[in-house]
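# Everything below, folded, please.
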Amino acid sequence: MNFDKMSYLFWSVIVLILMLGAGIFSNYGNKISTDKNFQAYFGWYIGILIANLFNILINLIFHFFMKDIEGKRGLKGEPGKRGLEGKDDICFCIRDKDYVNEENNLVNNGIAQATPVTDDGTEKIGTLLSKRGFEQGTQFRTVGAPN
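Residues are numbered from 1 along each chain as shown. A predicted model of the protein is given here:
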């Protein structure tokens, strides 16, 4: 039995104890006052409390039994973009750092434009890829970026 199912059982026992405690203490609460308004309010309060605890208990038991049941397989997603024939990548974000496929890269194919991002205008710390072009020589810098 896995941890999730054990936690459902644990919380079910706790809720049962709370329900029994609320029932026992409601008898003592009725003896606090003989006022009819208090009796009506207290009766509604205890009734709603027990109903909520019962709802929680039913949900815990339901999830305990439904935890291991597998559902139907979902719908197939839409296929993504394809790379060039014989190549499985369409961008230069490849596994090897030293290898760059120049003919199959987003920037060289005109799909995106790469603009360097600098740290206070001194050191290049990254590249911004965008669909629309920026003016030649535009410099981006980080402002208060975390390390």
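# all contacts plus neighbour counts: C-alpha atoms, from now on.
Fine.
# Now do the domain split for the chain, please.
3-66, 80-105, 112-141 (automatic domain parsing).
# Can you flag the weakest of those by average pLDDT?
For these, the bottom mean pLDDT is recorded on domain 80-105, which sits at a mean of 57.
# mind listing the strands for this structure?
Along the chain, counting by DSSP state E, strands occupy 113-119, 123-130, 140-141.
# Remind me what the second one packs against, helices and strands.
Under the contact definition 3 or more CA pairs under 8 Å, 6 or more residues apart in numbering; DSSP states H and E, strand 123-130 sits against strand 113-119.
# From what I see, Ser33 and Gln39 are in contact.
Yes. A contact is recorded between Ser33 and Gln39 when judged using CA atoms under 8 Å, the distance being 7.5 Å.
# Compare those two (neighbour count), which wins?
Shown here are Ser33 and Gln39; by other CA atoms under 10 Å, Gln39 has more neighbours (16 against 10).
# Nearest residue to the more buried one in space, please, no chain neighbours.
Asn30 (6.4 Å; CA to CA, 6 or more residues apart in numbering).
# Was I right to think the one you found contacts Ala40?
No. With contacts counted by CA under 8 Å, Asn30 stays clear of Ala40, the gap being 9.7 Å.
# Looking at these two, which is more packed in?
Asn30 (15 against 11).
# Quickly note the distance from that one to Phe42.
7 Å (CA to CA, to the nearest Å).
# what number of residues lie near Thr34?
A count of nearby residues for Thr34, using other CA under 10 Å, gives 9.
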